[in-house]
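**Student:** coordinates for the following, if possible.
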Amino acid sequence: MLSVSVPSIVAGLFACRHCWGDELLHVGEVFLTWSVGRWQSMNSYIRFNENTAMPDLLVNAHSRNVHVNGVQSEKFSSNVISTCKYSVLSFLPRFILEQFRRYNNIFFLIIALLQQIPDVSPTGRYTTALPFLIILSVSAIKEIFEDIKRRKSDQKVNNFHTQVLKNGAWQRTRWRRVNVGDIVRVENEQLFPADMTLLSSSEPHAMAYIETSNLDGETNLKIRQGLECTEQLVTLQSISAFKCTIECEQPNRHVNEFTGTLRIGDIERPLGINQILLRGARLKNTRWICGAVIYTGHDAKLLMNSRLAPLKRSNVDVLTNRRILFLFFILITLAVVSAVGAHFYEESLFDVAYYLGLSGLRTTNFFWNVLTFFILYNNLIPISLQVTLELVRFFQASYINCDEKMYDEASDTCAVARTSNLNEELGQVKFVMSDKTGTLTRNVMKFKRCSVGGVNYGNDETDEFDDNSLIKTIDSPSENSRWVKEFLRMMAVCHTVVPELDDEGTLRYQASSPDEGALVKGAAALGFVFHTRKPQLLVIDALGKEETYEVLNVLEFTSDRKRMGVLVRCPDNAIRLYVKGADSVIFERLRPKSLFEDETSRHLIEYASKGYRTLCFAMRLVQEDEYNNWAVEFQAASVAIDHREKKLAACAEKIEYDLMLIGASAIEDKLQQGVPETIRALMGADIHIWILTGDKRETAVNIAQASALCTSSTTQLVIDTNTYDETYSRLNAFVNKGQALNRSNVEFALIIDGSSLHYAMTGECRPLLGELALSCRAVVCCRMTPMQKADVVELVRSCGEHVVLAVGDGANDVAMIQAANVGVGISGEEGLQAASASDYAIAQFRFLQRLLLVHGAWNFDRSVKVILYSFYKNICLYLIELWFALYSAFSGQTVFERWTIGLFNVAFTAMPPIILGLFDRPVSDSMMIAYPALYLSLQKRAFSLPQFAFWIGMAVWHSILLYFFSYGFLYDDVVWRHGRAAGWLMLGNSCYTFVVTTVCLKALLECDSWTLVVVCSSLGSILLWIVFLVIYAAIWPYVPLGQEMCGLAYMMMSSYSFWLAFILIPFVALLTDFVFKVIRVSTVPTPREMACLYERERVTKTVSGELGDSSLRGEDRRLNGVFNEAVVYGSVTELNELGVSALPSRRHTEDPRHQIEPSSSAGRGQPSRCSYLRPFVENARLLENVESANVEGFRKESSEGHSIPSESSSRRGYAFSQEESGAVLQSEVIRSYDSTFAKPRGN
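**Tutor:** All right, here's what the predicted structure looks like:
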């Protein structure tokens, strides 16, 4: 029965998803995971996705049949996508699951149920249930509100427009309305709305250029080519009349694999990955394409690589759960001890008060006493903690959304907190995993510098190449003029770029390699304009003179060759070989004693130090006979069946020799604004930055250097292995070497590619990789798939309790963003998929600095204070019940009125923690940005076990003072003039008043920045209780509540003892805290307290005019050294008074901000309160000098030939992006074009 029903259910759910989205999938997730898992052992029709525990694809006897431009015979997934956490049907179960992962919610549910047992609860039946329902309702409203924002973001993507063929015409249609089998027209620079098969395009032979940086991070363009039988579909009439059937594999997540068959009548043609256009890719350098939709929505390969939106929890929540668990055991202990006390009291009374008839309760009372005291003490765990945190987080998220300093004017985009549950995680980040393309870079290449004839041209200040000296050299009769002209001519000729005139007559270049596009544009700007390409010819305008070159052969670029070249017949009928590539391969092929080699090498090193992508240019004249003989061999190699690439490379080697060096180019891969500064700041906060990209190694390393993640002196440990054993051996060697490098204080970075990572993530290699990677200054992972990015994130998370943040802008970053503790999406040009799946969305990478160093640090500090303060105030009040039990024979009687107990958290002390969590500011935002080391200092001891124990100790101490002082003041009972005695509620309400006053004033004492709102919240809470007391004590018998309270307010207010106690008791309780804090801050201040004191002093001096600009800068540098010292060495002393300069952090000595000037008070004989630390600081400085000497020795040893095995030796910035082994070779591409012919419009 199961083998029949389960496939039906699965198929039914996937079919219904066409109409109902993922509603049924969310509801059926648990059932399917269990039932299909069992059924799978008997059948092979379903394969599960290991990441989501949901069906990866339906693998049955039938493949998918798509009727193009016709009616489908089966239902397919709609093109609607969703990144929401909840749906209408799944909200309740998922919300309950998330809420009851918190121990306090489980605890209060149990308490609410226990209170329903008759004659057990001393506090009534609903004093816990009602507040608990209110708290859950507030949390539900917040979750719904945040999910609505996610839904709106999804709708923005689903409502993008494209053109779909309907009723013989192109109709503008929303993406959500695109269906399987539709023919879609996509124009240049547009994203593909679904996975499609390429039918035709504006280019010859149905070719199309696509950019897949949104999928795999690669910056070079890829070529896709339609089948010969569909390439003629270039008019609306032919497209409208076209019908076919595509049989293809079921949806899967393999982005580089596809198998299918296209049938037109009796004609069958195979389909492969070279005919597939994936959702998320972008059409480039192609006016239009027509494609047939085969996979939509969550069936698209891009979405198949995503995961279900996870239910993330912050580390603070995890620690809070542990603290609650600890208090739970304390609560049980107190309940048992109190029950034992009640038992002894009963035993002692049984014989004396036999007339009370208590003997029958000897064996039955103990258990009920435990329950009674368990309920009585239950508020030791604050019931309002969760809702307080929810409200605080919600408004903290609003602060992020409204921060004008995180607003990007160019894109009109604000920061968006898509969830508020992880606000404090932003303040604990240890690792940042960043995508490269679109996140760190703009994916815009600019020709920036060049070295020609040993002369360096260009400058770094301008956006484009700008050097008048080169222009003058071209026009001069000097010898170098000939070299410059040849260099620019080579830039305009040696490439596979195709020119095109747009509708406005503007010349545009189609380049599969962004580097080649930048070089051709650079040559055009300097007077050598490439404007025409024909199958065998190309034409340039060289300084106003037209020159025609016959393209004889193209020597293809490959990663192994690291170069490309062309053989051309020049206007003077000479055959020239032009080659450009990496300096390492070009220099090996230069003629002996080649000119300008040393000068060019120095310039290459200079370019590389700035993070530029470099290429060397060389040429030679080829004799006619030599070329003819070589061409025959090259032709034979180009048609070889076996090992064609190797034979072509070997043939190219035979002609690429005795080259003459012309020069070198430097191309800037434009970084996003503020990237180097942001990375330096984050590293200053001791945050490790990793780059995870699908791009090539050389490109990734160049960006790492340009963005200040690595320097030219950083040792690179490269792992580019092809077997498991080789990977293990390399990792083992590098772990040992890394330990030696760390001891020698030598900075090193790990470079690893995707194929090596496949082995490194398995077996015994995995722990070695984790150990090595965590010890590096930086890690660059290249050639990675989306799932590998997520695997790396999970590796780091599993290697310790590290908070990992992932940031990216493309759909290929979604899995990584979802796997990280905190996911940040860049709302960039690559669509909104990453931003929609993220926890926080920002417009630029540079805003990450403020998000972490300001909002993250503030939110973490505030949230921790809210939690600790909530524990403190509850223990302070409800522990008084224990002290009262000592005087009430452990009878279970409460000293407080029952409704005042319930309102303590939700009314009278509700505002101070909320205001503390919203308005307290440990350090100003300008200080946090200027001194990143404060970020780390705010984490230390913030929520540690000693800090928690300290707050608990304060609460116990205050409860003792408050109860016993109150008891002492009100010990002598008084009979008022109406004949009534005060009774136990006089003591209870007086003590309650003193507790409210003390805990509200305690909030002011713990607040770092007093504002009017902070003060009013504390004083207003005290006033609220007094007003409530007056009203509540007067409403009976008009309202049937609080009979015991009737007239009690009058008795309290008219008692001189009460008012004297009201002044003295809170003062005495807080005096101990105040004295302790003054002594600690005066002797061993934390870096945060030092910053606060410095900031106040600086403001005072600035206002009074005592501190000028130069003094301010000196003070800034001096203070930053203090903070670095405090963080690195764990010192929290006033190092700025030592009379010696503080030690800078060795990791960041390149940043001028970290160069510390000596204190102005040094050597003046001024006494120091911390002079006892001077020997330790001097020893530390001596140690630093010794280590510096070790570093120099190590580097000298390396330069003498003892360098690290397998480390990267390239320091000259080579990088070149171009597709290899694509659908069409570049040599075939350029022979397919004739730029003098007009291209079809396709309509």
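**Student:** contacts only, for the spatially closest residue to residue 650 that is not a sequence neighbour.
**Tutor:** If the residues on either side of it in the chain are set aside, residue 650 comes closest to residue 637, at 7.5 Å by Cβ to Cβ, 6 or more residues apart in numbering. Where C-beta positions appear, they are placed from N, C-alpha and C, glycine not excepted. Residue 637 makes contact with 644, 647, 648, 650, 651, according to Cβ atoms under 8 Å, 6 or more residues apart in numbering.
**Student:** just checking, residue 433 touches residue 813?
**Tutor:** No: Residue 433 lies out of contact with residue 813 (Cβ atoms under 8 Å); the separation is 9.2 Å.
**Student:** overlap in contacts, the two.
**Tutor:** Common contact partners of residue 433 and residue 813 (Cβ under 8 Å, 6+ apart): 789, 806, 807.
**Student:** now, those that are in strands?
**Tutor:** Taking DSSP state E as the definition of strands, the shared contacts of residue 433 and residue 813 contribute 806, 807.
**Student:** of the shared contacts of residue 433 and residue 813, which one scores lowest on pLDDT?
**Tutor:** Checking pLDDT across the shared contacts of residue 433 and residue 813, the minimum falls on residue 789 at 90.
**Student:** quick one: residues contacting it.
**Tutor:** Neighbouring residues of residue 789 by Cβ under 8 Å, 6+ apart: 433, 435, 692, 781, 806, 812, 813, 815, 816, 819.
**Student:** with residue 635 instead?
**Tutor:** If a contact means Cβ under 8 Å, 6+ apart, then residue 635 has no contacts.
**Student:** tell me the pLDDT at it?
**Tutor:** Per-residue confidence (pLDDT) for residue 635: 89.
**Student:** just the element for it, please.
**Tutor:** For residue 635, the host element (DSSP states H and E) is helix 624-638.
**Student:** likewise for residue 198?
**Tutor:** strand 195-201.
**Student:** also residue 869?
**Tutor:** Assessed by DSSP H and E, residue 869 sits inside helix 857-878.
**Student:** for that helix, what is the average pLDDT?
**Tutor:** Mean pLDDT, helix 857-878: 93.
**Student:** remind me what it packs against, helices and strands.
**Tutor:** Here helix 857-878 touches helix 315-352, helix 385-401, helix 911-919, helix 933-939, helix 945-969, helix 984-1006, going by 3 or more Cβ pairs under 8 Å, 6 or more residues apart in numbering; DSSP states H and E.
**Student:** which of those helices sits most buried?
**Tutor:** Of all the helices and strands packed on helix 857-878, helix 933-939 has the most neighbours on average by mean count of other Cβ atoms under 10 Å, namely a mean of 25.
**Student:** just the CA trace of it, in PDB.
**Tutor:** Only the C-alpha atoms of helix 933-939 are listed here, as PDB (Å, rounded to 0.1, in the frame of the first residue of the first chain):
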ATOM      1  CA  ALA A 933      39.700  47.200  18.100                       C
ATOM      2  CA  LEU A 934      36.800  48.300  20.400                       C
ATOM      3  CA  TYR A 935      34.600  45.800  18.500                       C
ATOM      4  CA  LEU A 936      36.600  42.900  20.000                       C
ATOM      5  CA  SER A 937      36.800  44.500  23.500                       C
ATOM      6  CA  LEU A 938      33.000  44.800  23.700                       C
ATOM      7  CA  GLN A 939      32.700  41.100  23.300                       C
END
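**Student:** and it, how far out from the chain middle?
**Tutor:** Relative to its chain's centre, helix 933-939 lies at 19 Å (Cα atoms, centre = their mean, to the nearest Å).
**Student:** that one packs against which elements?
**Tutor:** Using 3+ Cβ pairs under 8 Å, 6+ apart, helix 933-939 sits against helix 857-878, helix 925-930, helix 1087-1104, helix 1109-1129.
**Student:** what do you get if the cut-off is 10 Å, keeping everything else the same?
**Tutor:** Here helix 933-939 touches strand 429-434, helix 675-684, helix 857-878, helix 925-930, helix 1087-1104, helix 1109-1129, going by 3 or more Cβ pairs under 10 Å, 6 or more residues apart in numbering; DSSP states H and E.
**Student:** mean pLDDT lowest for which of the ones you listed?
**Tutor:** Least confident of these, judged by mean pLDDT, is helix 1109-1129 with a mean of 50.
**Student:** lowest-confidence one in the contacts of residue 789?
**Tutor:** In terms of pLDDT, the least confident member of the contacts of residue 789 is residue 812, at 80.
**Student:** quick check, that one in a helix?
**Tutor:** Yes: counting by DSSP: H, G, I helix; E, B strand; the rest coil, residue 812 falls inside a helix.
**Student:** ok, it - contacts?
**Tutor:** 212-218, 255, 280, 302, 305-306, 435, 437, 692-694, 784-787, 789, 830, 833-834 (Cβ atoms under 10 Å, 6 or more residues apart in numbering).
**Student:** among those residues, which ones are in helices?
**Tutor:** When DSSP state H is applied, the contacts of residue 812 are split such that 213, 214, 215, 216, 302, 786, 787, 789, 833, 834 fall in helices.
**Student:** find the nearest non-adjacent residue to residue 877, please.
**Tutor:** Using Cβ to Cβ, 6+ apart and skipping residues adjacent in sequence, the residue nearest residue 877 is residue 995, 4.9 Å away.
**Student:** and the host helix or strand of residue 1079, which residues are buried?
**Tutor:** Using DSSP H and E, residue 1079 maps to helix 1056-1083. Using 16 or more other Cβ atoms under 10 Å as the test for burial, helix 1056-1083 gives 1057, 1058, 1061, 1062, 1065, 1066, 1069, 1070, 1073.
**Student:** spatially nearest residue to the first one, not counting backbone neighbours?
**Tutor:** If I follow you right, that is residue 1057. residue 969 (5.2 Å).
**Student:** kindly provide the distance from the one you found to residue 414.
**Tutor:** According to Cβ to Cβ, to the nearest Å, residue 969 and residue 414 sit 56 Å apart.
**Student:** partners of the strand holding residue 198 in the sheet?
**Tutor:** Its sheet considered, strand 195-201 pairs with strand 276-277 (antiparallel), strand 288-295 (antiparallel) by DSSP bridges.
**Student:** ok, and what's touching the following helix or strand past the shortest one?
**Tutor:** Sequence order places strand 282-284 as the next helix or strand after strand 276-277, per DSSP H and E. Judged by Cβ under 10 Å, 6+ apart, the contacts made with strand 282-284 from elsewhere in the structure are 186-192, 201, 208-215, 221-222, 224, 277, 289, 291, 510-512, 514, 829-831.
**Student:** now, of those, which are buried?
**Tutor:** With burial judged by 16+ other Cβ under 10 Å, the buried subset of the contacts of strand 282-284 is 186, 188, 190-192, 201, 208-215, 221-222, 224, 277, 289, 291, 510-512, 514, 829-831.
**Student:** about what we covered before: want to throw the strands paired with strand 195-201 into a markdown table with mean pLDDT?
**Tutor:** Putting the strands paired with strand 195-201 into a markdown table (pLDDT from 0 to 100) gives the following:
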| stretch | mean pLDDT |
| --- | --- |
| strand 276-277 | 94 |
| strand 288-295 | 95 |
